[in-house]
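1. coords please:
(one chain, ligands or ions: 1)
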Amino acid sequence: MSRIARGLDLPSPFDVAELCRRVSVRRRRQVVLTPLPMAALGPCGLWLAGEHADVICFEQNTSALHQEHIILHELGHILHEHTGAETLQDLFPNLSDATLRIMLARQHDAFSQRHEREAEQFAYAVLARASRGDGFRRVLAD
Ligand SMILES: [Zn+2]
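-> Numbers count the residues shown, from 1 in each chain. Coordinates of the predicted model:
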């Protein structure tokens, strides 16, 4: 399990929005969650690194569990400080670089395979920790 996933202050019961809030406080940089109908765009998750905030867009037309996984995957990219090859400026030359710096698409070529694997392992590691926490609480409650 990655050191980053192990070091997270996970809410209990697990709540991915609350986790993002805690990460925002710790990094002094807001993580904003934005549900969107993404299917038409191709990827089901997207990380937009702005000057002062990280925006995670995720598919709104899917199950809560899938959304949670998408968000954790993107959060993995953010916390591992992966940077993609493409900036928004390359895509939209007229857009101010200060507004949105980097546009990274899930399962696009922007990330190396290693970065994709790292983000995916992060997502699974957090979920594994989250369910262990639940089990532990149940044992204590019994
Ligand atoms: Zn990814």
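
2. CA only for contacts and neighbour counts going forward, please
-> Noted.

3. Could you pull up the residues touching residue 39?
-> residue 59 (C-alpha atoms under 8 Å, 6 or more residues apart in numbering).

4. Roughly how far does it sit from the ion?
-> 16 Å (C-alpha to the ion, to the nearest Å).

5. again, but for residue 34
-> 17 Å.

6. Now do that residue against residue 4, distance only.
-> Residue 34 sits 23 Å away from residue 4, taking C-alpha to C-alpha, to the nearest Å as the criterion.

7. Check residue 125 too.
-> With C-alpha to C-alpha as the criterion, residue 125 and residue 4 are 10 Å apart.

8. the more surrounded of the two?
-> residue 125 (18 against 13; other C-alpha atoms under 10 Å).

9. Can you report phi and psi for the more buried one?
-> phi -60, psi -40 (degrees, to the nearest 10).

10. pLDDT at it, what is it?
-> With respect to pLDDT, residue 125 scores 93.

11. Renumber starting at 9 from here on
-> Sure, I'll start numbering at 9, so the last one becomes residue 133.

12. wait, doesn't it sit right on residue 10?
-> Yes. The criterion here is C-alpha atoms under 8 Å, and residue 133 meets it with residue 10 at 7.4 Å.

13. CA-only coordinates of stretch 63-82 in PDB, if you can.
-> Extracted C-alpha coordinates of stretch 63-82, given in PDB (Å, rounded to 0.1, in the frame of the first residue of the first chain):
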ATOM      1  CA  VAL A  63     -11.200  20.200  -9.600                       C
ATOM      2  CA  ILE A  64     -12.300  16.600  -9.900                       C
ATOM      3  CA  CYS A  65     -15.000  16.100 -12.500                       C
ATOM      4  CA  PHE A  66     -16.700  12.700 -12.300                       C
ATOM      5  CA  GLU A  67     -19.500  10.900 -14.200                       C
ATOM      6  CA  GLN A  68     -22.800  11.800 -12.700                       C
ATOM      7  CA  ASN A  69     -24.700   9.000 -14.400                       C
ATOM      8  CA  THR A  70     -23.200   6.100 -12.600                       C
ATOM      9  CA  SER A  71     -23.500   4.400  -9.300                       C
ATOM     10  CA  ALA A  72     -22.300   6.000  -6.000                       C
ATOM     11  CA  LEU A  73     -19.700   3.200  -5.700                       C
ATOM     12  CA  HIS A  74     -18.300   3.900  -9.200                       C
ATOM     13  CA  GLN A  75     -18.200   7.600  -8.500                       C
ATOM     14  CA  GLU A  76     -16.300   7.000  -5.300                       C
ATOM     15  CA  HIS A  77     -13.800   5.000  -7.200                       C
ATOM     16  CA  ILE A  78     -13.400   7.600  -9.900                       C
ATOM     17  CA  ILE A  79     -12.900  10.300  -7.300                       C
ATOM     18  CA  LEU A  80     -10.300   8.300  -5.400                       C
ATOM     19  CA  HIS A  81      -8.400   7.500  -8.700                       C
ATOM     20  CA  GLU A  82      -8.200  11.200  -9.500                       C
END
